[in-house]
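> turn this into a model:
(2 chains)
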There are 2 protein chains.
Amino acid sequence: MAVDVPGLVEQARQGKPRAVARLISLVEGASPQLREVMAALAPLTGNAYVVGLTGSPGVGKSTSTSALVTAYRKAGRRVGVLAVDPSSPFSGGALLGDRVRMSEHASDPGVYIRSMATRGHLGGLAWSAPQAIRVLDAAGCDVVLVETVGVGQSEVEIASQADTSVVLLAPGMGDGIQAAKAGILEIGDVYVVNKADRDGADATARELNHMLGLGEARRPGDWRPPIVKTVAARGEGVDEVLEALEKHRAWMDERGVLAERRRARAAREVETIAVTALRERIGDLHGDRRLGALAERIVAGTLDPYAAADELVAGLTGE
Amino acid sequence: MAVDVPGLVEQARQGKPRAVARLISLVEGASPQLREVMAALAPLTGNAYVVGLTGSPGVGKSTSTSALVTAYRKAGRRVGVLAVDPSSPFSGGALLGDRVRMSEHASDPGVYIRSMATRGHLGGLAWSAPQAIRVLDAAGCDVVLVETVGVGQSEVEIASQADTSVVLLAPGMGDGIQAAKAGILEIGDVYVVNKADRDGADATARELNHMLGLGEARRPGDWRPPIVKTVAARGEGVDEVLEALEKHRAWMDERGVLAERRRARAAREVETIAVTALRERIGDLHGDRRLGALAERIVAGTLDPYAAADELVAGLTGE
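As a prediction, this is how the structure comes out:
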């Protein structure tokens, strides 16, 4: 049954969580109305400030995200939270999980929380997270917090979709070396050492400072990623994180970096969608005889795979 | 400088190792003569029987491969060996390594050994291994042994490029569970429990037998993957492996399965090359203004990413 897309978008604008949930479901899946939804959202997007939060399991990401939500709500902002777990087999709105992890915000109409798991999903995170961000943006969220579990390629991808990336660490977890391995030291705009009341917090911050080369000379105007110590569970240091985020945003805005990042992000997004579409078209050829006929000729030795690929591409591109 | 491709192919046919090495280098890289080489090889291919060997580190893959080479040489066959290590940063002919690992075959003109490492390579293993197999096939190898290190997606891909896949295990390595996780139990046509003189070999074989469901009823004519116990270092059981391989080959031949597998392989190969080519074309757009202009419109909210991807694909395919 066709969905009333304009109606749904209007309801989402009014902050109705069911409408937001429905729209995210529509953009996550391969809904026939996907394009209609995307077109309706486009003019409403571009207002949300997208903050990525990443770090190894156990650093306190959920607690930190929740504390940031509290802080942003105090400042009167509407907040969307996208909790991405690439390893979870569940997809769509894991509502119970969402409510448990952020129960203090469950009844706040100014907060929308969504879990997302995309294992096995076509195009994976690179595909679906940006669309969900777009929905939250269009729904009027001033800030969208994208929390990703773990440290890996997918997480780095997600981080690259944020305006500002926050990398979380905790003392005594050997995070420094792990982080370096995962290349996560290259993606942080703001670093947070959470659980700073524990032994080793200063050492972690020092090690991080050293690894980031923050002691070294920088060109004037360069962004110098701050390291903020927090105890998110008690709300300590969270205002400083907010301040660091606002500073980074202002720094990007002044220099046109924000617009540049968003353009680069949009270009990557288009690329991902286009490549997936082209791959699907080739996949469709399994259904007809073209690919089979080419394979037959290769096995017979009358055609080589490159010439066959050229024929296939020419067939697709009408050359 | 342009290479004399027909001359090189002729020399490779005569078993000159330098010519084979040169051809593999040409097909591995993005040589301007890649297509010329592939076209020249096509009519000479289709004779080699391709055997994939895979298993976790420590099961004795190199020793087993070497023992199989000895056995095939005794039977008068020309043998090519492709040792693929997806984790190695070295690419191309790691000559010293090749000679050390298979020193007993180094001076045998009926054996060609090549190491291949493809980390970071465009399209990875799925791209370059089949082309190298093609060179060894065209060069007159009766058998090509493709040895892959580790158990993972790439290895499964490689195995899927073989006519017959051999999965190696060793006692007491917890291989059973590992193997099941990696889905490797689905790809073996022949299973080898190497180091069978060690404690636990029978238990490993039993566990494997159980996991493969070999005790269960099968339809008549179904291939029943045999489990062979070997001590490759002493050559024990290797003749039985050869026998199992020949049985599998004959079984496939009788039922048209071999031709079917090769067609499916060729189709996948063409697909990989075509998708990579299309992806490259999109990548080229970063260089011109099209993608940037689309991204600009997305950021401005006048276009959504799906409509932008449609424009991009239409631009490529001339629709």
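> quickly note the distance from A:A39 to A:R279.
From A:A39 across to A:R279, the span is 23 Å (C-beta to C-beta, to the nearest Å). Where you see a C-beta, it was placed from the backbone N, CA and C, and this is true even at glycine.
> higher neighbour count, those two?
Neighbour tally, A:A39 and A:R279, criterion other C-beta atoms under 10 Å in any protein chain shown: the higher count belongs to A:R279, 17 against 14.
> show me the contacts for that one.
The neighbours of A:R279, taking C-beta atoms under 8 Å, 6 or more residues apart in numbering or on different chains as the test, are B:275, B:278.
> swap in 6 Å and give it another go.
Counting by C-beta atoms under 6 Å, 6 or more residues apart in numbering or on different chains, A:R279 touches B:V275.
> so it sits in a strand?
No. A:R279: not assigned to a strand; according to DSSP: H, G, I helix; E, B strand; the rest coil it is helix.
> report pLDDT for it.
The score at A:R279 is 75. That number is its pLDDT.
> same thing with A:L212?
At A:L212, the model reports a pLDDT of 80.
> what about it, neighbour count?
Neighbours of A:L212 under the rule other C-beta under 10 Å: 18.
> from chain B, how far out is it?
According to C-beta to the nearest C-beta, to the nearest Å, A:L212 stands 25 Å off from chain B.
> next, that residue: phi, psi?
phi -80, psi -10 (degrees, to the nearest 10).
> from chain B, how far off is A:A12?
For A:A12, the distance to chain B - C-beta to the nearest C-beta - is 15 Å.
> domains in chain A, by residue range?
Taking automatic domain parsing as the reference, chain A has its domains at A:45-254, A:270-317.
> mind checking how far the last one is from the chain centre?
What that stands for is domain A:270-317. Centroid separation for domain A:270-317 versus its chain: 32 Å, with C-alpha atoms, centre = their mean, to the nearest Å.
> for the residue of the stretch 51-200 of chain A found nearest chain B, give me its contacts.
Closest to chain B within the stretch 51-200 of chain A is A:P130: 7.3 Å, counting by C-beta to the nearest C-beta. Neighbouring residues of A:P130 by C-beta under 6 Å, 6+ apart: A:161, A:269.
> 10 Å - rerun?
Applying C-beta atoms under 10 Å, 6 or more residues apart in numbering or on different chains, we find A:P130 in contact with A:27, A:50, A:146, A:157-158, A:161, A:265-266, A:268-269, A:272-273, B:305.
> distance between whichever helix or strand it is part of and the chain's centre?
Secondary-structure assignment from DSSP states H and E places A:P130 in helix A:124-138. Put simply, helix A:124-138 sits 7 Å off its chain's centre (C-alpha atoms, centre = their mean).
> what angle separates the helix or strand that comes right after that helix from helix A:124-138?
Using DSSP H and E, the helix or strand that follows helix A:124-138 in sequence is strand A:143-148. With axes from the mean of the first three to the mean of the last three C-alpha atoms, to 10 degrees as the basis, strand A:143-148 and helix A:124-138 are set at 160 degrees to each other.
> nearest spatial neighbour of A:T70, skipping sequence neighbours?
In space, and not counting its chain neighbours, A:T70 is closest to A:G235: 7.0 Å by C-beta to C-beta, 6 or more residues apart in numbering or on different chains.
> quick one, helices of chain A?
Ranges of helices within chain A are A:5-13, A:17-28, A:34-41, A:61-74, A:95-101, A:124-138, A:153-159, A:175-181, A:201-211, A:238-255, A:257-284, A:290-300, A:305-317, based on DSSP state H.
> could you dump these to CSV with distance to B:V5?
Compiled in CSV, those are given as follows (distance: least, C-beta to C-beta, whole Å):
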stretch, distance to B:V5
helix A:5-13, 57
helix A:17-28, 50
helix A:34-41, 48
helix A:61-74, 56
helix A:95-101, 60
helix A:124-138, 40
helix A:153-159, 38
helix A:175-181, 43
helix A:201-211, 50
helix A:238-255, 53
helix A:257-284, 29
helix A:290-300, 19
helix A:305-317, 14
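> among those, show the one with the smallest mean pLDDT.
helix A:95-101 (a mean of 43).
> tell me the residues on the stretch 151-300 of chain A that lie near chain B, please.
With C-beta under 10 Å from any C-beta of the partner chain as the criterion, the stretch 151-300 of chain A meets chain B at residues A:258-279, A:281-283, A:285-286, A:290-300.
> can you flag the buried ones in those?
Taking 16 or more other C-beta atoms under 10 Å in any protein chain shown as the criterion, what is buried in those is A:258, A:261-275, A:277-279, A:281-282, A:285, A:290-292, A:294-300.
> quick one, what contacts A:V190?
Per C-beta under 10 Å, 6+ apart, neighbours of A:V190: A:51, A:53, A:164-168, A:223, A:225-228, A:240-241, A:243-245, A:247-248.
> also A:K247?
Residues in contact with A:K247 (C-beta under 10 Å, 6+ apart) are A:164, A:189-190, A:223, A:226.
> from A:V190, how far off is it?
For A:K247, the distance to A:V190 - C-beta to C-beta - is 9 Å.
> with A:V27 instead?
In terms of C-beta to C-beta, A:V27 sits 28 Å off from A:V190.
> what do you get for A:I273?
30 Å.
> for chain B, what are the nearby residues on the stretch 1-150 of chain A?
So the stretch 1-150 of chain A meets chain B at A:27, A:34-47, A:130-131, A:134, A:137-138 (C-beta under 10 Å from any C-beta).
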